[in-house]
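S.K.: 3D model of this:
(one chain, ligands or ions: 1)
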Amino acid sequence: MSKIDLTVPDLGNFDEVAIVDVLIKVGDKIDVETPLVTLETDKATMDVPSTAKGTVLEVLAQKGGKIAKGGVIARIEGEAPAAAAAKPAPAAAPAAKAPAPAPVPAAQRPAAPPAPAPKPAKPLRPDVPHDRETQLLVLGAGPGGYTAAFRAADLGMKVTLVERWPMLGGVCLNVGCIPSKALLHAAKVIDEVADMRAHGVAFGAPSIDLPKLLEWKNGVVKKLVGGLSALAKQRKVEVVTGVGKFVSPHVIAVTGAGKTEKIRFEHCIIAAGSEPIKLPFIPDDPRVIDSTGALELGGVPRRLLVIGGGIIGLEMATVYAALGAQLSVVELTGQLMPGADPDLVRPLEKRLKARYEQILLNTKVTGCTARPDGLAVDFEDASGKRTDTFDRVLVAVGRSANGKRIGLETAEIDVSDRGIIPVDKQMRTNLPHVFAIGDLVPGPMLAHKAMHEAKVAAEVAAGEKSYFDARVIPSVAYTDPEVAWVGLTETDAKKNGTPYKKGQFPWAASGRSLALGRDEGFTKLLFDPVTHRVLGGGMVGPNAGELVAEVALAIEMGATAKDLALTVHPHPTLSETLMEAAEVFYGHATHTMAKKKARAYIAPPDSPRGGAVLTFAGRLRLPSR
Ligand SMILES: Cc1cc2nc3c(=O)[nH]c(=O)nc-3n(C[C@H](O)[C@H](O)[C@H](O)COP(=O)(O)OP(=O)(O)OC[C@H]3O[C@@H](n4cnc5c(N)ncnc54)[C@H](O)[C@@H]3O)c2cc1C
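M.R.: Purely as a prediction, here's the structure:
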């Protein structure tokens, strides 16, 4: 045993580079190849692996500092390495990409100039045999996985995409977002036709051909999934079908078609998604379904109970109610769609109460027994216990992340008891060469979040400086009416004491909404009381999901109420309700009476958001963030 200095190897054409992360601490037991620090040049980020095995005595590299070739990263007590200098393991070869240095006259040249770092070929861990290698392995081909694979391939990486299902697209395309929206469209047509009866247009009762409806829904999915396969081929992304499991920090074993092959990777992006949560007391019975079963449309039950009043449960309820089932929805909390502001949910709840058999809030399901005449479900609420029998039960109580099902412990990748993998803003796990995205990292389980995270992970793996720094992620329930919200909610603002002012516009005053035969919706926007910047917003009504994107953009761009009020919105559209909600905030909306005095913008000269200009008639301009 001896004291060994672990130093920075030759970095090619870079003198000093930034230390973006220090990956070891005093007392750590490290091995040859353990990553020590992450360095960043203007071309790439790279990890420097250890060249010796031992215990860390001292860490000299400091996060945020700089280091040059030969600089000591750490001092360890250990076994002397066979070769003294550590080799960099860049994400992309910075030296290869860097411009060649200008020629230097022979007399001025140093005696023995160091050779530039070769293109990295990480030494293989001797303890893990493998069948083949790839530069980037993406585990899971949902919206997170395929987006990451495509982005990385576009950036020139050799990509292998491992998926256990025979088709790409994951939950979203196959059993989630897309098939549910196809069926919700059918439900919308059925409901709108029925509603028009009161306005003089009657078609009679709909004739529903379930197999044909199913075929259409499957056709939509097939078209999209087929498109993904073609895009993967065009990008030369290698697709491997099988179940993947980590067997070491650099190797995943893929089992499929009766064989297992071990694939070694330089980088990995974990995108293995989530599964529906099962309730332990619910019997294994074909009349009990989850969202995947519900999308298979295996008949329309007479009485259907949906357990869970969240977005997925309510969307499925919308479909089955339109197809003719008598709906009951049971929700544990005191509100449908927990997470949304209660006022946004109220118009939906009112409509559902008029159409559904029962909506049970603050009610717990405590048991379920399969009987020949139906599923007997036990309920418990403040008034006591009761049992009711249904023809079918749809369980939609949430989804659990797949982080505990893919052998992460073997690779020493951190994961919570709930299967969630912690990541930093570059989507890196505790192992710098392994990234995680989508449903199995913190945050809402939504496809658009997964896709944005995917691009960041792929770009960082390819050596780019990317960060996931979205200010907000919109939420949409495609119910009837739709409910959508983004950014600050009033519930959270009140809970956290965040100051805000509100502008709210009723859709009863929107010509477009009335022309759609609907008047129950509204749009509300929350603004910073000082700068008038948009902090959050939501709307309830037909097509609310299309409108919320404007609020998201306003928040990302630091737009103010004035920006929204002065932007010419097309007439007659529901988008005008955003403009009018901003006008309400200023107290002068055209199509509704102002309750408050008109508000002028006065920026305090010493405001921390400073530099704002007083504009009453004009657009407010603030310095960018
Ligand atoms: C009914 C329903 C409706 C939804 N509607 C919407 C919506 O309207 N909008 C929205 O934003 N979100 C919606 N979602 C959520 C959305 O589907 C998910 O957030 C999204 O699919 C997550 O993407 P992902 O890439 O993280 O994971 P997933 O889509 O779950 O993909 C993970 C993939 O990994 C594969 N996989 C898992 N383990 C392994 C393994 N060991 N080996 C190989 N492959 C593996 C899986 O087979 C799957 O293909 C809905 C979900 C459901 C269920």
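S.K.: how deep is residue 310 tucked in, by neighbour count?
M.R.: 20 (other C-beta atoms under 10 Å). In short, each C-beta sits where N, CA and C put it, glycine included.
S.K.: Using the three-state scheme, assign residue 468.
M.R.: coil (DSSP: H, G, I helix; E, B strand; the rest coil).
S.K.: Looking at it now. What's its pLDDT?
M.R.: Here the pLDDT value assigned to residue 468 is 97.
S.K.: Repeat that for the one 5 residues further on.
M.R.: Confidence per residue is given as pLDDT, and for residue 473 that number is 98.
S.K.: How much space separates it from residue 325?
M.R.: Relative to residue 325, residue 473 is positioned 32 Å away (C-beta to C-beta, to the nearest Å).
S.K.: okay, these two: which has more neighbours?
M.R.: Higher neighbour count among residue 473 and residue 325: residue 325, with 24 against 14, using other C-beta under 10 Å.
S.K.: For that one, list the residues it contacts.
M.R.: 300, 301, 302, 303, 304 (C-beta atoms under 8 Å, 6 or more residues apart in numbering).
S.K.: could you dump those to JSON lines with distance to the ligand, pLDDT and neighbour count?
M.R.: As requested, these are arranged in JSON lines below (distance: C-beta to the nearest ligand atom, whole Å; pLDDT from 0 to 100; neighbours: other C-beta atoms under 10 Å):
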{"residue": "300", "distance to the ligand": "18", "pLDDT": "97", "neighbour count": "17"}
{"residue": "301", "distance to the ligand": "18", "pLDDT": "98", "neighbour count": "22"}
{"residue": "302", "distance to the ligand": "23", "pLDDT": "98", "neighbour count": "11"}
{"residue": "303", "distance to the ligand": "21", "pLDDT": "98", "neighbour count": "17"}
{"residue": "304", "distance to the ligand": "15", "pLDDT": "98", "neighbour count": "26"}
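S.K.: Most widely separated two among those?
M.R.: 300 and 303 (10.7 Å; C-beta to C-beta).
S.K.: Residue 142 versus the residue in the stretch 201-350 of the chain that the ligand sits nearest to, what's the distance?
M.R.: The nearest approach of the stretch 201-350 of the chain to the ligand comes at residue 273, 2.1 Å away (C-beta to the nearest ligand atom). Relative to residue 142, residue 273 is positioned 5 Å away (C-beta to C-beta).
S.K.: what do those two both touch?
M.R.: 170, 171, 438, 439.
S.K.: Now the phi/psi pair for the residue lying closest to residue 571 once chain neighbours are set aside, please.
M.R.: Excluding its sequence neighbours, the residue lying closest to residue 571 (C-beta to C-beta, 6 or more residues apart in numbering) is residue 511, at 7.7 Å. Here is the backbone geometry of residue 511 (degrees, to the nearest 10): phi -60, psi -40.
S.K.: From residue 170, how far out is the residue of the stretch 201-350 of the chain closest to the ligand?
M.R.: From residue 273 to residue 170 the distance is 6 Å (C-beta to C-beta).
S.K.: Just want to know which of those two has more residues nearby.
M.R.: Higher neighbour count among residue 273 and residue 170: residue 170, with 29 against 26, using other C-beta under 10 Å.
S.K.: Which pLDDT value belongs to the more buried one?
M.R.: 98.
S.K.: ok, it to the ligand distance?
M.R.: Distance, residue 170 to the ligand, using C-beta to the nearest ligand atom, to the nearest Å: 3 Å.
S.K.: That residue contacts residue 143, correct?
M.R.: Yes: counting by C-beta atoms under 8 Å, residue 170 does reach residue 143; the two are 6.1 Å apart.
S.K.: Next, the distance between the ends of stretch 421-439.
M.R.: 10 Å (C-alpha to C-alpha, to the nearest Å).
S.K.: Actually, stretch 372-388.
M.R.: 14 Å.
S.K.: residue closest to the middle of the protein?
M.R.: residue 449 (2.4 Å; C-alpha atoms, centre = their mean).
S.K.: That one contacts residue 442, correct?
M.R.: No: look at residue 449 against residue 442 with C-beta under 8 Å: they stay out of range, at 10.2 Å.
S.K.: Quick check on the residue in the stretch 1-150 of the chain that the ligand sits nearest to: phi, psi?
M.R.: Closest residue of the stretch 1-150 of the chain to the ligand, C-beta to the nearest ligand atom: residue 142 (2.2 Å). Taking degrees, to the nearest 10, you get phi -80, psi -170 for the backbone angles of residue 142.
S.K.: What about it, how many residues nearby?
M.R.: Residues near residue 142, counting by other C-beta under 10 Å: 29.
S.K.: Relative to residue 406, how far out is whichever residue of the stretch 401-550 of the chain sits closest to the ligand?
M.R.: As assessed by C-beta to the nearest ligand atom, the ligand sits closest to residue 438 within the stretch 401-550 of the chain, at 2.1 Å. Distance, residue 438 to residue 406, using C-beta to C-beta: 13 Å.
S.K.: Residue 578 now?
M.R.: 42 Å.
S.K.: do residue 530 as well
M.R.: Taking C-beta to C-beta, one finds residue 530 at 47 Å from residue 406.
S.K.: which of those two has more neighbours?
M.R.: Neighbours per residue, other C-beta under 10 Å: of residue 530 and residue 406, the larger number sits with residue 406, 23 against 16.
S.K.: Surely the more buried one is within a helix?
M.R.: No: secondary structure of residue 406 (three-state DSSP): coil, not part of a helix.
S.K.: Quick check: next helix or strand after the helix or strand bottoming out on mean pLDDT in the chain?
M.R.: Sorting the helices and strands of the chain by mean pLDDT, DSSP states H and E puts helix 94-97 at the bottom, at a mean of 32. Going down the chain from helix 94-97, the next helix or strand is strand 132-139, by DSSP states H and E.
S.K.: about what we covered before: mutual contacts of residue 273 and residue 170, please.
M.R.: With C-beta under 8 Å, 6+ apart, residue 273 and residue 170 have common neighbours 140, 142, 144.
S.K.: Would you format those as CSV with pLDDT included?
M.R.: As requested, those are arranged in CSV below (pLDDT from 0 to 100):
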residue, pLDDT
140, 98
142, 98
144, 98
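S.K.: tell me which of the residues you listed is nearest to residue 4?
M.R.: For these, the nearest to residue 4 is residue 140 (39.8 Å; C-beta to C-beta).
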